[in-house]
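K.L.:
need a 3D model of the following:
(2 chains)
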Amino acid sequence: MEDNHEEVLEIFCQDGVQILTAPAAYISQLNNVGTLMIVEYPNSNVTRCIEWKPIDLTIDSDVQDQEWTVVSTVRRRRTYSGSLPVDANRSKHLKINMSDIKSFRVARKNQKLTFRDGKGDDLCTFVFQHGSCEGLVAVLKGILKTFVSRRDKHVYCILDDERNPERQQLDKSFAELNLFQEQSSPYVWKLVKNFQNRPYETTMEAFSKITDIVYRGAEHRLMDPEVHNILHRSLEAIENNTTTHSHEEYEVIAHVPKLPALKEYPRGRPLSLEQWKALQDSEGQVEDVDAVKLVIFRGGIASNVRKEVWKYLLDYHRWKYTHSEQANLIKQRNEEYFIMKLQWRSMTKIQEDNFTDYRERKSLIEKDVNRTDRTLDYFAGDNNPNLQVLYDILMTYAMYNFDLGYVQGMSDLLSPILYLMNNEVEAFWCFVGFMNKVSSNFDMDQAGMKEQLQHLNTLTAFYDPEFANYLYKHDSANMFFCFRWLLVWFKRELSQQDAMRLWEVLWTDLPCQNFHLLICVAILDTEKHILMENNYGFTEILKHINDLSGNIDVSAVIGKAEGMYNQIVDAEHLTDAVRIIIGLPILGNASVIDSKEASPDISDLTLNGDTDEVSYENALTNSFL
Amino acid sequence: MANRTSAAQRPNGSTQGKICQFKLVLLGESAVGKSSLVLRFVKGQFHEYQESTIGAAFLTQTVCLDDTTVKFEIWDTAGQERYHSLAPMYYRGAQAAIVVYDITNQDTFARAKTWVKELQRQASPNIVIALAGNKQDLANKRMVEYEEAQAHAEENGLLFMETSAKTAMNVNDIFLAIAKKLPKNEQTTGPGGSGQGRRLVEGDSGAKAAGNCCK
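P.N.:
Numbering: from 1, shown residues only, chains lettered A, B, ... in the order given. Coordinates of the predicted model:
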């Protein structure tokens, strides 16, 4: 047990550290900024802890502008009455036993560090707002036996030998070494100045060893401007990543592995009527479904056979059914449809008055039918009968799936289907097939949308860390600007013909599941230069992305997305998080694997950071996530 | 009727006037005319069958007010209840809100009242809220009385106007009334906006303004 008056040894201390994830007990502190410490309790059986405490400081422009954050690796003795976390502020002080930490992961150019337990679950994640975690990592490497995970270069696994006496000895000698005493700093500055005379490439090793001390804090901020400059440039060089300067012990952990080159894939010819006929046997069964899908993936479907093939892609017709089986199914589906339709059509006025949920759905459908694709000839003009069909199908769908009911966006998904089928029952069942693929887009709690945005972030971070970092720094890592793309599968961005082409390609589930997310990545890759060159923030990005509507070349985007898929699959550093998204088997390294690893940034969900800081994120975490 | 001015086009070097930038959010039940009000205000257009808003739209418009140029950053939102959980994203940090209802539909007025309550509870404490009874051109199908809405607005300290995006009635006026009510001469108290706009240095590209307000 800890004594009341306990000696505490501070091994490391850094301020400007934000908590991104933490155990449930500390939830009130999420996103707050504070001081991170490694603390040793020599008289306790829990010898070492990672501790974090908030600073009582809302926003201070000095802190915001601070270029040099206070980091101390010098051991200091403190004595508390009562151990640190046990006080009125207990819930604010986070404390994690070092022995519970089995690995840690460094991400986002050394600005983010996640501690994990033995099961690979996150214990807590910290963001180093004004500096990097390099100093902390160096200390951790010094006091713990670590090795770099083979699966993920950013993960350091900790050898579990806390109780090993030899280990204790090692710790002690490390402590006595006390490498960076106050007195050493003049020496260090001299050394740094000498860098000018030697190319820093050749001295990177020496340099990396002093990065700990560089961040020494306020008392050292009066450093020689020359020194400041050199250091600053050199640190940037490290952050901007070079793969050549890694050293066994002081590896450049911001290293970004390269993807294979992008090869754009030319699009093929659409599935023709002749091809389609040839792929069916005399009974109407489609033997080689994969071959059909491959042709569709490569080039879509010719308009004269599209209506027929969509019924298969949308599970209204069955690939393996004979003509007579198909006819039976159609008959059955037909009857089923009219039974459901009759259910709402036969509702009396009194029933309706007593049925609020029904009335609400009905009212929503009325409102949206009236304003769905009215610029298209098929739905244009007053009293257009096709609007009535659109309405009837949506009402019947609300009876078919009452829990889901009607949600805005659904009429957009139905409109092209109805246009193509031009038949109420066929359109209904095809719509059901489409909804089965995307119903999670319309979850009451937005869970499906959140997951996709998160996956999109993971893919972006993997494909283009620089762009992902840009989005993160511009409060846009939530990818919210892609909400409309994902909700209605680009329906609002494309002409009707192009939307239909894209949808049929996506319905093949080729070359992988969630290919629509790669479509997003492909479009963003085309636009990122504009976003970054103009230094767009969240609102400007959203506006720019919304304004792309009507200016997307769907064939080029599909071809590019396919090329990106191949780049990703061929990448040597392909992570399990990405594998999960695109449906590849995971490699499963138990100690460090978790599906969250590469998708950290969604938890940083922020908006319009111009005026709002940390509190914003809290609100969003509560409201959106 | 107020004029909509495209201001802030002074030649470089002019020292007259100050520019303030405010975040404004539109809230209200589905299909009450939120997007139509914005479209009328920003582009002077009206579409009879304005499509539903998915996610959010972001537009800007600038109005001149005496010697001040007020730039509105307008967030237009999806109205359906299903997307309610996204709303705090939009109204956090907003200095102004227009809560819209449809005068031909009593339910939308009830929904507007709950939006007002939510804003008063959750948004920035000094947020300027305006209540807009839209579709005034359909007054012959009126289900919400002017007096009823006005009384509610008075009780809650809201600006109130009946508007018509279709005829443009009171559309610019309601934005202008908000611009007048927004504080333009106090120091900001910190992040979160708490009611003040941000001063833009003229020639500044916009978004990255200093934390100070007009002075």
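K.L.:
for chain B, what are the low-confidence residue spans?
P.N.:
B:1-16, B:185-215 (pLDDT under 70).
K.L.:
all the helices of it, in order from the start?
P.N.:
Using DSSP state H, the helices of chain B run over B:34-43, B:87-91, B:106-122, B:146-156, B:171-181.
K.L.:
other residues contacting the first one?
P.N.:
Judged by Cβ atoms under 8 Å, 6 or more residues apart in numbering or on different chains, the contacts made with helix B:34-43 from elsewhere in the structure are B:4, B:26-28, B:45-47, B:50, B:53, B:57, B:59-61, B:74, B:76-77, B:79, B:98, B:100, B:132, B:134, B:163, B:165-166, B:168, B:171-172, B:175. The C-beta positions use only the backbone N, C-alpha and C, and glycine is treated the same way.
K.L.:
which of those residues come close to chain A?
P.N.:
Restricting those to those touching chain A (Cβ under 8 Å from any Cβ of the partner chain) yields B:50, B:57, B:59, B:79.
K.L.:
can you list those in a markdown table and add neighbour count?
P.N.:
Converted to a markdown table, the ones next to chain A among the contacts of helix B:34-43 look like this (neighbours: other Cβ atoms under 10 Å in any protein chain shown):
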| residue | neighbour count |
| --- | --- |
| B:Q50 | 18 |
| B:A57 | 21 |
| B:L59 | 19 |
| B:G79 | 28 |
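K.L.:
ok so, going back, in PyMOL, how would I select just the buried ones from the contacts of helix B:34-43?
P.N.:
For the buried members of these, the matching PyMOL selection, counting by 16 or more other Cβ atoms under 10 Å in any protein chain shown, is:
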select buried, chain B and resi 4+26+27+28+46+50+53+57+59+61+74+76+77+79+98+100+132+134+163+165+166+168+171+172+175
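K.L.:
how close does A:Y312 sit to A:V305?
P.N.:
11 Å (Cβ to Cβ, to the nearest Å).
K.L.:
which one of the two has more residues nearby?
P.N.:
A:Y312 (22 against 17; other Cβ atoms under 10 Å in any protein chain shown).
K.L.:
correct me, but A:A22 touches A:Q29?
P.N.:
Yes: between A:A22 and A:Q29 there is a contact at 6.5 Å, judged by Cβ atoms under 8 Å.
K.L.:
between those two, which contacts overlap?
P.N.:
Common contacts of A:A22 and A:Q29, defined by Cβ under 8 Å, 6+ apart, comprise A:L94.
K.L.:
what segments of the stretch 401-550 of chain A are helices?
P.N.:
A:410-421, A:424-438, A:447-463, A:465-473, A:483-487, A:496-507, A:515-533, A:538-547 (DSSP state H, counting those that start in this stretch).
K.L.:
SS state for A:K263?
P.N.:
coil (DSSP: H, G, I helix; E, B strand; the rest coil).
K.L.:
which ones among the ones next to chain A among the contacts of helix B:34-43 map onto strands?
P.N.:
Taking DSSP state E, the ones among the ones next to chain A among the contacts of helix B:34-43 that sit in strands are B:57, B:59.
K.L.:
lowest-pLDDT helix or strand in chain A?
P.N.:
The helix or strand of chain A with the lowest confidence, counting by mean pLDDT, DSSP states H and E, is helix A:61-65 at a mean of 32.
K.L.:
which stretches of the stretch 201-350 of chain A have low pLDDT?
P.N.:
Scanning the stretch 201-350 of chain A for pLDDT under 70 picks out A:201-256.
K.L.:
if anything else comes up later, I'll come back, but that's it for now.
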